[in-house]
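A.B. asks: Quick one: sequence and predicted model below, then my questions.
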Amino acid sequence: MAQRRTSRRRVETVASGVAELVPDPDRDTAWTLLLDGAPQSHVDLADPTHLQFEYVRRMAAAIDLAAPAGRPLRALHLGGGALTLPRYVAATRPGSPQRVVEVDGPLVELVRRELPLTSQSSIRVRVADARTAVEGMRDAGYDLVVLDVFAGSRTPAHLASAEFMHEVARVLDPAGWLIANVADGPPLRHARAQVATIRSALPEACLVADAGVLRGRRFGNLVVVAGRTPPPVAELSRRAAGDWFPGRVETDLDRFTGGAPPVPDASAVASPAPPDGLFGNRK
């Protein structure tokens with residue numbers, strides 16, 4: 001069995017590096033997508049509601065709370081990977097019109113071929129730069145924007161500026177939410193700047209993460225939930241605490257940012273690279 005599953009591994013060079021689709025040894029219909037060795041996505045084709053990565057479960061919890069259960073959402077996903085969250089939304093909110101923007105065309109083709117979408121999913125994938133795509137979109141066209149863009153293991157600088165966040169806010173419905181994945185480690189300089197930058201456009205926000213990451217003790221993912229109306233902190237906290245890997249919600253973002261100003265285009269930088277060996281035990 002191990003040899004047969006190993007033979008199912010797919011390795012291709014795509015625009016952003018070397019992509020690997022690795023079969024999950026514990027779930028016959030599940031796969032992990034890696035780019036240059038860094039895990040990008042995990043999907044179970046038979047059960048799109050199974051979410052392997054803890055930060056993805058935190059993003060999904062926020063999606064669950066964005067509207068009453070089952071109600072379709074107009075969703076924009078910036079960053080595609082293996083389309084984990086678009087598949088989740090399609091399964092939990094049937095009929096949701098969803099657009100995905102992914103810059104890597106060969107990666108899109110690999111995922112479409114090896115991890116095909118169902119015909120009922122209503123997911124449209126556009127090959128384009130996320131910022132360029134957003135700048136061409138109409139005002140208030142989405143209830144939800146999911147920002148999870150990585151070039152390799154880093155978020156590009158042009159997607160980390162106040163100007164870009166104001167464009168994201170423009171395409172959001174007044175009651176809509178941005179759910180953003182921010183990767184950082186000690187001393188959380190990038191995360192503090194990103195929270196300040198997001199709040200310059202969408203002031204009502206909170207953070208969801210592992211306590212050790214929030215305290216700046218280790219590298220990890222921080223999920224920002226932001227909009228023009230307060231996020232449901234109590235329910236987000238309950239779900240984070242009850243996860244397989246418990247997290248917590250931070251609401252005192254003035255304290256968290258510590259006076260960090262929003263970052264303009266002129267000084268925006270890519271997110272920091274993860275420490276060497278971080279993903280060594282996840283392949």
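C.D. replies: That came in fine, so what should we check first?

A.B. asks: Please count neighbours and contacts with C-alpha atoms only from this point.
C.D. replies: Will do.

A.B. asks: which strand residues sit across from the closest residue to Val225 other than its chain neighbours in the sheet?
C.D. replies: Nearest in space to Val225, with sequence neighbours left out and distances taken as Cα to Cα, 6 or more residues apart in numbering, is Ile179 at 4.7 Å. Judged by DSSP bridges, the bridge partners of Ile179 are Val146, Val225.

A.B. asks: Now the strand or helix carrying Arg124: buried residues?
C.D. replies: Assessed by DSSP states H and E, Arg124 sits inside strand 123-127. For strand 123-127, a neighbour-count test (16 or more other Cα atoms under 10 Å) marks Ile123, Val125, Arg126, Val127 as buried.

A.B. asks: where's the second one relative to Gly105, distance?
C.D. replies: Distance of Val125 to Gly105, given as Cα to Cα, to the nearest Å: 10 Å.

A.B. asks: Identify the contacts common to these two.
C.D. replies: Residues touching both Val125 and Gly105 (Cα atoms under 8 Å, 6 or more residues apart in numbering): none.

A.B. asks: Let me see the contact set for the most centrally placed residue in the chain.
C.D. replies: Centroid-nearest residue in the chain: Asp148, 3.2 Å away (criterion: Cα atoms, centre = their mean). Applying Cα under 8 Å, 6+ apart, we find Asp148 in contact with His77, Leu78, Gly79, Gly80, Ala180, Asn181, Val182.

A.B. asks: So the first one versus Pro86, what's the distance?
C.D. replies: So that's His77. 7 Å.

A.B. asks: The residue nearest to Val225 and Val223 touch, don't they?
C.D. replies: Yes. Using Cα atoms under 8 Å, Ile179 is in contact with Val223, at 6.8 Å.

A.B. asks: got any residues that touch both of those two?
C.D. replies: Met59.

A.B. asks: Counting by contacts, list what the strand holding Arg124 packs against.
C.D. replies: Packing contacts for strand 123-127, counted by 3 or more Cα pairs under 8 Å, 6 or more residues apart in numbering; DSSP states H and E, involve strand 98-102.

A.B. asks: mean confidence score for the strand it packs on?
C.D. replies: Mean per-residue pLDDT for strand 98-102: 98.

A.B. asks: quick one: buried residues of it?
C.D. replies: Neighbour counts over strand 98-102 (16+ other Cα under 10 Å) mark Gln98, Arg99, Val100, Val101, Glu102 as buried.
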